[in-house]
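In: just the structure for this:
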Amino acid sequence: METTKYTISLDDNLNETKVPISGSNSKNSNGQLNDNKTYDTLETKATAVYQVYKKRFIILLLFSLFSLSNSFQWIEYSIVATIIAPYYNVSNKYINYTSLIYMILYIPGILPATWVLSKKGLRFCVCLAALGNCLGAFIKCFSTNPDHFWLLMIGQSVVAVSQLFILNIPPNLSAVWFPQSEVSSATAFGVFGNQIGIAIGFVLPPYMISAADPGAGLSRLSWIVFGVTFTIFIAILLIFDEKPNNPPSAAQFESAEYNSKTNYLDVLKIFFFDIDFVFLFISYGINVGVFYAVSTLLEQIVNLHFVNSSKEAGSMGLLLTLAGTVGSVISGIILDKTHLFKLTTLVLYLISLIGLVLFTLCLFLPTIWPLYFISAFLGFFMTGYLPIGFEFAAELTYPQHEGTTAGLLNMSCQIFGISFTLISSELISKYGDLYSNLLLCICLAIGLLMTARISNQLKRQNAFAAVSTGESNT
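Out: Now for the predicted structure:
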């Protein structure tokens with residue numbers, strides 16, 4: 001495709017616009033100016049206008065708040081399992097399913113969900129998910145009687161289905177709305193909301209739900225969550241746009257044009273015949289699956305060594321995820337500056353393994369306080385890996401749709417998350433947590449070796465470089 005130089009100008013709202021020097025505004029067949037609402041219909045890059053909008057930050061913030069409200073509900077019950085299991089007269093295993101249901105429903109649902117995303121777009125999927133998130137929270141408001149655990153699971157299942165249109169959105173949203181220099185940071189911030197939600201889910205329920213009166217605490221918490229999710233749903237309906245009028249970069253223009261012409265099943269075949277993507281698919285799933293298992297079982301593990309430590313476990317979970325949000329943002333900034341995708345991924349993976357080994361050893365110390373430091377250390381690198389894997393996958397599979405790659409990676413996470421959680425839960429109940437943690441460490445070591453095997457072929461960066469070279473030669 002033809003390329004050209006462009007100049008940068010600012011409008012009255014300080015929106016940055018890149019306009020081709022030698023080109024002209026895009027016109028339709030009648031010679032009239034296009035409104036560029038569907039920029040993938042532009043004929044060539046020479047006629048495309050690349051524009052960066054300030055509204056991208058509002059869109060990203062709104063999505064992050066939505067993701068926060070959903071991920072909070074993932075962990076809100078399992079972190080107080082030893083309190084609410086007797087209240088509902090069920091075993092800890094059933095409380096674990098309030099978390100596992102997210103992973104169980106994700107596996108069969110993600111392929112249809114990514115197909116819908118590729119056909120219907122961001123706004124439709126995010127609005128639909130926000131509605132489900134709100135509806136599930138509302139159902140759970142009526143599940144606080146001791147004999148209504150079944151209703152709690154129905155509401156939790158509705159919320160879990162909504163997650164199908166959340167986890168795979170960040171790399172797609174950042175590519176659609178943000179310029180090349182901000183893509184990795186925007187993806188990290190998109191995942192940031194999910195991590196903050198988990199962090200709040202670790203710390204808030206133990207302080208709101210007491211063993212003395214679990215029903216009252218559950219009721220207060222449920223109505224607060226519903227109020228938040230309803231407010232976010234209305235805001236998304238009113239504010240969230242499908243995409244900007246003009247693409248933020250030439251690479252996004254090419255990707256949109258390519259994906260408008262590709263068949264979904266053909267894309268899946270391309271992915272699973274790509275050995276680099278297959279290795280990333282497995283290794284990413286192992287790393288995040290270990291995080292899911294540790295998060296779900298954290299309270300039960302800590303209580304094995306330090307009795308009546310639900311609040312302490314919640315604080316450790318808070319540190320685990322808050323440190324991870326910092327790690328995500330820092331890693332995203334590093335990627336935007338250096339583009340060292342494989343090296344960054346390997347370093348995070350290696351230190352995650354070291355962190356889990358240290359966590360396992362600290363459980364056997366006579367005092368609990370070292371676990372706080374190790375939780376923060378483990379979270380910084382393990383949770384910080386989440387958005388980096390998305391961006392690495394986008395590089396390896398460009399120009400394929402970012403939502404599809406993220407969806408497949410998350411499907412791998414759910415498969416490994418379910419497997420690790422169920423196996424670890426059984427090992428803990430029969431033999432204690434040592435064997436469980438050793439198994440998770442061995443799996444992380446395998447994932448690290450697979451990550452080292454992935455090539456460093458950065459197709460999206462090569463596309464950016466080709467565009468820059470073409471402009472400099474014009």
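In: what packs against the helix or strand hosting Thr229?
Out: Under the criterion of DSSP states H and E, Thr229 resides in helix 214-239. Where contact means 3 or more Cβ pairs under 8 Å, 6 or more residues apart in numbering; DSSP states H and E, helix 214-239 is packed against helix 55-75, helix 81-88, helix 122-140, helix 183-208. Heads up, the C-betas are built off the backbone N, CA and C, glycines and all.
In: average model confidence for the host helix or strand of Phe279?
Out: Using DSSP H and E, Phe279 sits in helix 275-305. If you average the pLDDT over helix 275-305, you get 89.
In: give the buried residues for the helix or strand that that helix is followed by.
Out: Once the chain leaves helix 275-305, the next helix or strand it forms, by DSSP H and E, is helix 310-338. Under the neighbour-count criterion of 16 or more other Cβ atoms under 10 Å, helix 310-338 has 310, 312-329, 331-332, 334-336 buried.
In: swap in stretch 278-289?
Out: 279-289.
In: please produce JSON lines containing those residues, extended by distance to Ile239.
Out: JSON lines is the format used below for the buried residues of stretch 278-289 (distance: Cβ to Cβ, whole Å):
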{"residue": "Phe279", "distance to Ile239": "39"}
{"residue": "Leu280", "distance to Ile239": "34"}
{"residue": "Phe281", "distance to Ile239": "34"}
{"residue": "Ile282", "distance to Ile239": "38"}
{"residue": "Ser283", "distance to Ile239": "37"}
{"residue": "Tyr284", "distance to Ile239": "32"}
{"residue": "Gly285", "distance to Ile239": "34"}
{"residue": "Ile286", "distance to Ile239": "37"}
{"residue": "Asn287", "distance to Ile239": "34"}
{"residue": "Val288", "distance to Ile239": "30"}
{"residue": "Gly289", "distance to Ile239": "34"}
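In: got a pLDDT number for Ala251?
Out: Confidence score, pLDDT, at Ala251: 54.
In: hang on, Gln51 in a strand?
Out: Yes: looking at Gln51 with DSSP: H, G, I helix; E, B strand; the rest coil, it is inside a strand.
In: now it, nearest residue through space, not along the chain?
Out: In space, and not counting its chain neighbours, Gln51 is closest to Asn246: 4.0 Å by Cβ to Cβ, 6 or more residues apart in numbering.
In: for the one you found, helix, strand, or coil?
Out: Under three-state DSSP, the three-state class of Asn246 is coil.
In: distance of it from Leu340?
Out: From Asn246 across to Leu340, the span is 30 Å (Cβ to Cβ, to the nearest Å).
In: just Leu68 next, same as before
Out: Distance of Leu68 to Leu340, given as Cβ to Cβ: 29 Å.
In: these two: which has the busier surroundings?
Out: Ranked by neighbour count (other Cβ atoms under 10 Å), Leu68 and Leu340 place Leu68 first, with 21 against 14.
In: quick check: that one touching Gly197?
Out: Yes: here Leu68 lies in contact with Gly197, judged by Cβ atoms under 8 Å, at a distance of 3.6 Å.
In: does Ile107 touch Cys413 like I think?
Out: No: using Cβ under 8 Å, Ile107 makes no contact with Cys413, being 9.9 Å away.
In: what about those two, which has more around it?
Out: With neighbours defined as other Cβ under 10 Å, Ile107 and Cys413 compare such that Cys413 has more, 26 against 16.
In: ok now stretch 325-343, how far from the chain's centre?
Out: On the basis of Cα atoms, centre = their mean, to the nearest Å, stretch 325-343 sits 15 Å off its chain's mean C-alpha point.
In: that older thread, show me which of the buried residues of stretch 278-289 is closest to Thr187.
Out: Set against Thr187, the nearest of the buried residues of stretch 278-289 by Cβ to Cβ is Tyr284 (13.9 Å).
In: test my guess that the closest one contacts Gly389.
Out: Yes: counting by Cβ under 8 Å, Gly389 is a contact partner of Tyr284 at 4.3 Å.
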